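> okay, sequence plus prediction incoming.
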Amino acid sequence: MGKTGWLWTWRTLRWLLALIFAAAAILKLFDPANLEIADPTRFVGDIRNYRLVPWWSLHALAILLPWIELTCAGALVIGRWTEEATVVLMGFLVVYIVGISAAMARGLDIHCGCFGSYDTAPMVAVLVRDIVFMGIAAGVIIANRRRLATGRPAVESA
Amino acid sequence: MSVRAVVGFWARMAALCVAGAGLAALFNTLSPKGIAWVPDPNSGVRDEVLREAEIDVDHVWELLQTGQAIVVDARPGEEYDDGHIPGAINTSAQALPGSAELLMAQLPPRDAMMGMTILVYCQGQGCVDSMLVFDFLAGLGYRESVRILRGGWPAWQDANMPVE
């Protein structure tokens, strides 16, 4: 694949990753059914169900996670610090994959809360979905490296 | 990759996280639904607190037989419609506080509970909906009267208890 091919692969994958995480963040922050700000205590409960983090950290995680996801999605959209944003999101995905796997191994049947409180996908589907997202994130980095390695770097416009 | 490039990469990742944290703090401060950064130690988010409030199916049955319990089904309305503990009031945790109108109309004042128990249950053991209703009722001053059905709705069904 030539420079242009890698450029468009990179653009497509990073916009796709941005769309996924922007949707995940917005659905945690806003309740689309009632067109209002979502109740953060529901996301607190979703994180609590994984039984992986201490109780005192639950509120802070529920406050911080959607906005860090949204900030990284924003960086991917505008095309600045894209690898850094992708690595942060990959870190989240690793935590989600470990958390879901651990919950499944312990026989817990819980809602992941990944796309807000209406995300009631079965846990196996969530695990597969997160692995696919991880593949897309890896694709962003690979396409970026290939794009830069094939001749003069293309213009990094969004 | 030089050390400088690695440090720069990590610094930019940290900057993204700090920027996100700043937006999060601002949103949480301005939002009418903002929450404390650290939960109340008496909140149901602590497993210990919910566990202390749990009672088993047999105990619930005794309370129902003697009329000493107000039963609250914290699941969504559709699940309640498919079957629930006889006499349970549906107070969907997902629609609080609006969904609590019927419950509030039937609850005695908190200083007149006279040994009554408010029994809350949802989809399973330690489920979020019971936790949310527990915290909602605790916030209204009923904390000492609220109990959670251990094992939730599946435990009730597994014990072949009556269903409405």
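Alright, I've got the coordinates. Residues are numbered from 1 along each chain as shown, chains lettered A, B, ... in the order given.
> around chain B, pick out the residues from chain A.
A:29, A:37-42, A:44-46, A:48-49, A:51, A:55-56, A:58-60, A:62-64, A:66-72, A:75, A:81, A:83-85, A:87-88, A:109, A:111, A:117 (C-beta under 8 Å from any C-beta of the partner chain). The C-beta positions use only the backbone N, C-alpha and C, and glycine is treated the same way.
> name the element B:A105 belongs to?
Under the criterion of DSSP states H and E, B:A105 resides in helix B:101-106.
> show me which residues of that helix are buried.
Buried residues in helix B:101-106, counted by 16 or more other C-beta atoms under 10 Å in any protein chain shown: B:L103.
> now that helix: average pLDDT?
Here the mean pLDDT over helix B:101-106 is 81, rounded to a whole number.
> where along chain A do the strands fall?
For chain A, applying DSSP state E gives strands covering A:30-31, A:36-37.
> same check on chain B?
Listed in chain order, the strands found in chain B under DSSP E are B:54-55, B:69-73, B:89-90, B:117-121, B:146-149.
> just put the ones you listed in CSV and tack on mean neighbour count and distance to A:A149.
Putting the strands of chain B into CSV (neighbours: other C-beta atoms under 10 Å in any protein chain shown; distance: least, C-beta to C-beta, whole Å) gives the following:
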stretch, mean neighbour count, distance to A:A149
strand B:54-55, 16, 59
strand B:69-73, 25, 60
strand B:89-90, 19, 60
strand B:117-121, 25, 59
strand B:146-149, 24, 58
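> in TSV, list these along with mean pLDDT and distance to chain A.
As requested, those are arranged in TSV below (pLDDT from 0 to 100; distance: least, C-beta to the nearest C-beta, whole Å):
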stretch	mean pLDDT	distance to chain A
strand B:54-55	92	16
strand B:69-73	92	16
strand B:89-90	91	17
strand B:117-121	93	14
strand B:146-149	93	14
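> contacting residues around stretch B:79-93?
If you take C-beta atoms under 8 Å, 6 or more residues apart in numbering or on different chains as the criterion, stretch B:79-93 is touched by B:60, B:64, B:70-77, B:99-100, B:102-103, B:106, B:121-123, B:128-133, B:136, B:153, B:156, B:161-164.
> ah, wrong one, I meant stretch B:121-135
Contact with stretch B:121-135 is made by A:41-42, A:45-46, A:48-49, A:109, A:111, B:43-45, B:47, B:50, B:53, B:71-75, B:79, B:85, B:88, B:91-94, B:96, B:120, B:146, B:148-156, as judged by C-beta under 8 Å, 6+ apart.
> all helices of the chain, in order?
I'll assume chain A. Read by DSSP state H, chain A holds these helices, from start to end of the chain: A:3-29, A:40-49, A:58-78, A:82-105, A:123-149.
> was after chain B, sorry
In chain B, the segments counted as helices under DSSP H are B:3-30, B:47-52, B:57-65, B:77-81, B:101-106, B:128-139, B:152-158.
> adding distance to B:V18, write the strands of chain B out as JSON lines.
Conversion of those to JSON lines gives the following (distance: least, C-beta to C-beta, whole Å):
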{"stretch": "strand B:54-55", "distance to B:V18": "41"}
{"stretch": "strand B:69-73", "distance to B:V18": "42"}
{"stretch": "strand B:89-90", "distance to B:V18": "44"}
{"stretch": "strand B:117-121", "distance to B:V18": "40"}
{"stretch": "strand B:146-149", "distance to B:V18": "39"}
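> closest one to A:A33 among those strands?
Ranking those by proximity to A:A33 (C-beta to C-beta) places strand B:89-90 first, at 17.7 Å.
> quick revisit: the contacts of stretch B:121-135, buried ones only, as a ChimeraX selection?
This is how ChimeraX selects the buried members of these, with burial counted by 16+ other C-beta under 10 Å:
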select /A:41,42,45,46,48,49,111 /B:43,44,45,50,53,71,72,73,74,75,79,85,88,91,92,93,94,96,120,146,148,149,150,151,152,153,155,156
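> against which helices or strands is the helix or strand of chain B with the lowest mean pLDDT packed?
Taking mean pLDDT, DSSP states H and E as the measure, helix B:101-106 is the helix or strand of chain B with the lowest mean score, a mean of 81. Helix B:101-106 makes packing contacts with strand B:69-73, strand B:89-90 when contacts are defined by 3 or more C-beta pairs under 8 Å, 6 or more residues apart in numbering or on different chains; DSSP states H and E.
> contacts for that helix, please.
By C-beta under 8 Å, 6+ apart, the list of residues contacting helix B:101-106 from outside reads B:I70, B:V72, B:I89, B:N90, B:T91.
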